[in-house]
Every structure is written in C-alpha cells, then in structure tokens.
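Trainee: Provide a 3D model corresponding to the input given below.
(chains A and B)
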Amino acid sequence: MMNDPKTRLRRTMMFVPGNSPKMINSADIYGADSLMFDVEDAIAVTEKDTARYLVANALKTLKFHSETVVRINHPTQTPFGIDDLKVILPAKPDMIRLPKVEDVSEVELVTGEIERVEKENGWPEGTINIIGAIESVKGLYNVREICRHPRLIAIALGAEDFIANLKTQRTKTGIELYYARSQILMAARDAEIQCMDTVFSDVRDMEGFEREVTNSRDMGFDGKSVIHPKQITEVHRIYTPDDKQLTHALKVLAAFDDSLKNHKGVLAVDGKMIDGPIVVRAQRIVDQAKAAGIDVEKKREEI
Amino acid sequence: MIKVLKKTAQAGFEEKNDLIVEVSPLQAESGIIIELQSPVKNQYGSHIETLIKDTVAAEGFSDVQVNVSDKGAWDYTIKARIIAALERGMA
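Mentor: The predicted structure follows:
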C-alpha cells in the first residue's frame, strides 16, 4: 500500500536542479519522500539539452530510495517540453511534473507520450504518472477537470507564478493564496487524488516555514514542496502524529476490527461514536506514523 | 549507421562532480582519440577512457577527438555530458 503511486506518502517533494551533478549525487540522502529533478525554471534556455541528458542518465544509473519526479518544460507553451519527454520517459521516472497546467488537453498530450513509451518498453500502464501544477488563474478555473484525468495522481500549487498572475506578492498570513489553496484541495479531494502545497522560499525563516506547513497540513494538504534539505525534517515532524493521536487511532482500528469479527453494529471508543470516515482517518494516522519510523506494532501491544 | 560529427562542441561545467567535454570531428579512420585530465586519473584513468570510448561508439560515432577536463564526475555524468556534446556537434 505504501508504494501504490496513488496513495504513497508524499509529505515532502524536494526540488533538485537538474543540471547539478553535485546536488543530484547527494539528493537521496536527506530522506525526502519524493525528489523532483527540475529541467524547467532552474535551467537556462541554453542548457535545456544538457540538463535533460543528465537527469535521464542519473535515473537510469543511480538507485533512489525516494520517489523520482521530473519537472519538464511546458509541452506547448515552450519549445522544450516534448524533447524533455523523449529523453526523460525512457529513463522511467515515477512521475512527470507538468508545470503551469491550464487545460486538461495538456495532460492528455503528456499522457499520450507516456503511453507510447510504456508500450514500447513493455511496461504496465500506469508505470509513469503525472502531477500537475496550477500556476495561473486560468489553470485554477480548470482545476476540477484537470484533476479528473485518470493519469493525474496528484496536483500541486505553484505559487510564484500564480502570485505574479494575481498582481500581488507572498505575505506571512498567506491570504493571497487562500482561495487557490482551497480550490485546488477541493478539486483534488473530489477527484480522489493527492494535493501538494507550494514552496516556502525563505530557507532562513524556519518559524515562518513551520507556521505555513502547519496551516497547509490543517487545511488538508498531503505534503509540501521543499527547496532545502533542512525543510524536510521539519515537514516530516509536523506531519508525524503525536502519541495521543496514534494511541487513539490504534484504538479505533482495534474496535473496528472487533466489530467486523463479531458482527457488532455501532461502536464507540473513549465514549465517542466511530463510523467509516473516522476509521479511514485513523488508518491514515497509523500510516503516517509508520512512515515517520514509529514502531506502531510495539505501540499496538502497549494499549 | 555511422554518424559523422559536423563541428566542435562542448558540454558540462567546471564544477565539483562535473566535467567539461569537448568533441571535435576527425578524418575518417582516425578512431576515437581521448585526452583526459582528471584528479583521479591514476586510479580511474583507464576506466574513464573506456567509458568515454564506449559512449561515443554507442552513439554511433567512430572518428572523434574527445577532450575531457574532469572534476570528479560519476560515470552517469560523464556519459550524459558526452551524449550532449555529440548532439550539439550535430546541430
């Protein structure tokens, strides 16, 4: 279950500049759930070719523990995106990140390329999936349709371009992104896919970072895009359930199992009624705890 | 089909774990000639030269001068930079 592309944990997706061998070589040691090799905004237009070959060869040769994602250039708004796919797809990344997505036809275009390469190599359908990034108002208006495309397993907010499009700037409160974050989340939940929050670019401001990650976790985001290894630990800490939450979740699951085995109807834990959604949430907390390295089985025996 | 390089071309950066590759066309029957500078030449020189030769040959070229200034690049990086330089030499 943990490695099912649709449900695997994506608390952190770390940007790795696609033309830096030094950063690619060390990217896997920081424990990010996903690594996103960037051949888009991090790469000058004169080096798109060298970056895509570097990333493709790294994917073919190195063994990554983290999920691998490649952010390509836009396939219709730039002359580079289709060439990116031709070089990158045969190297079998887990996901393609489609930036600045505005219309579901763009997802279809990328899906077509993926399907062709999957067939050519005899890989099962769904070997390579897509995460889209909403970075404009137009994209936001089409987000529901975009999210419903079967190849799209996650959606992200790319705030920098979005904010430029809105003619404003990032603030500490995040009020300028509140609507976009909410809309993208609703669309993701409606389509039953994952939802990633945008980067926090001031790596020195760890207090502001903690506040933003806590807020986006509380809104319902599955994870955060990060730009520095030190942000990873912090996100994972914030996304790790505390002892009280884990104990409660394990009690809920135990009571649920018991009710199934013994054909009981309504059940309660600590005096509160338990139903379907509460069981799903409890399972999610247990999964998050496991991913964070907590010995859940030991905890289960203790309660 | 054997490919013939059209012009001299470069790829890569003078950064740690990277390398600069320069490829130039040679006359037919010259073969693949390599000039390698590397801080690890004593230990890995022959490994790197074999890797360069194999990569150039696998890309379909037979007569190429390859000058490499290595800064401790891993194999995948050497390969990627050579492929990019050869492609640039065909543009």
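
Trainee: Quick one: name the residues of chain B near chain A.
Mentor: B:11-13, B:15-18, B:73-77, B:79-81, B:83-84, B:87-88 (C-beta under 8 Å from any C-beta of the partner chain). For the C-beta atoms, the positions are set from N, CA and C on the backbone; glycine is no exception.

Trainee: These in helices, which ones?
Mentor: Those of the residues of chain B next to chain A mapping onto helices are B:75-77, B:79-81, B:83-84, B:87-88, per DSSP state H.

Trainee: thinking again about what came up before, just the buried ones from the residues of chain B next to chain A?
Mentor: B:11-13, B:17-18, B:73-74, B:76-77, B:79-81, B:83-84, B:87-88 (16 or more other C-beta atoms under 10 Å in any protein chain shown).

Trainee: Going by distance to residue B:39, which of the ones in helices among the residues of chain B next to chain A wins?
Mentor: Nearest to residue B:39, judged by C-beta to C-beta, of those is residue B:77 at 14.4 Å.

Trainee: so what's the closest residue to the closest one other than its chain neighbours up against?
Mentor: Once flanking residues are discounted, residue B:77 sits nearest to residue A:21: 4.4 Å by C-beta to C-beta, 6 or more residues apart in numbering or on different chains. Residue A:21 makes contact with A:54, B:15, B:17-18, B:73-74, B:77, according to C-beta atoms under 8 Å, 6 or more residues apart in numbering or on different chains.

Trainee: Packing partners of the longest helix along chain B?
Mentor: Using DSSP H, we find that the single longest helix of chain B is helix B:41-58. Secondary-structure packing of helix B:41-58 (3 or more C-beta pairs under 8 Å, 6 or more residues apart in numbering or on different chains; DSSP states H and E): strand B:32-37, strand B:64-70, helix B:75-90.

Trainee: Which positions within it qualify as buried?
Mentor: Quick answer for helix B:41-58 (16+ other C-beta under 10 Å): B:44, B:48-49, B:51-53, B:55-56.

Trainee: Can you show me the strands along chain A?
Mentor: Ranges of strands within chain A are A:12-17, A:34-38, A:67-71, A:95-98, A:129-134, A:152-157, A:194-197, A:223-226, A:267-269, A:272-274, based on DSSP state E.

Trainee: In TSV, list those strands along with distance to chain B, mean pLDDT and mean neighbour count.
Mentor: Shown next, in TSV, are the strands of chain A (distance: least, C-beta to the nearest C-beta, whole Å; pLDDT from 0 to 100; neighbours: other C-beta atoms under 10 Å in any protein chain shown):
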stretch	distance to chain B	mean pLDDT	mean neighbour count
strand A:12-17	11	98	25
strand A:34-38	12	98	26
strand A:67-71	14	98	25
strand A:95-98	19	98	25
strand A:129-134	24	98	26
strand A:152-157	27	98	26
strand A:194-197	28	98	26
strand A:223-226	22	97	26
strand A:267-269	52	82	15
strand A:272-274	51	83	13
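
Trainee: For the stretch 1-150 of chain A, which residues are neighbours of chain B?
Mentor: So the stretch 1-150 of chain A meets chain B at A:19-22, A:25, A:49-50, A:53-54, A:56-58, A:60-62 (C-beta under 8 Å from any C-beta).

Trainee: can you do 6 Å?
Mentor: A:21-22, A:25, A:49-50, A:53-54, A:57-58, A:61 (C-beta under 6 Å from any C-beta of the partner chain).

Trainee: Not counting the longest helix of chain B itself, show me its contacts.
Mentor: For helix B:41-58, the surrounding residues in contact (C-beta atoms under 6 Å, 6 or more residues apart in numbering or on different chains) are B:32, B:34, B:64, B:66, B:75, B:78-79, B:82.

Trainee: same question, stretch A:253-263
Mentor: Contact with stretch A:253-263 is made by A:267, A:269, A:279, A:282, as judged by C-beta under 6 Å, 6+ apart.
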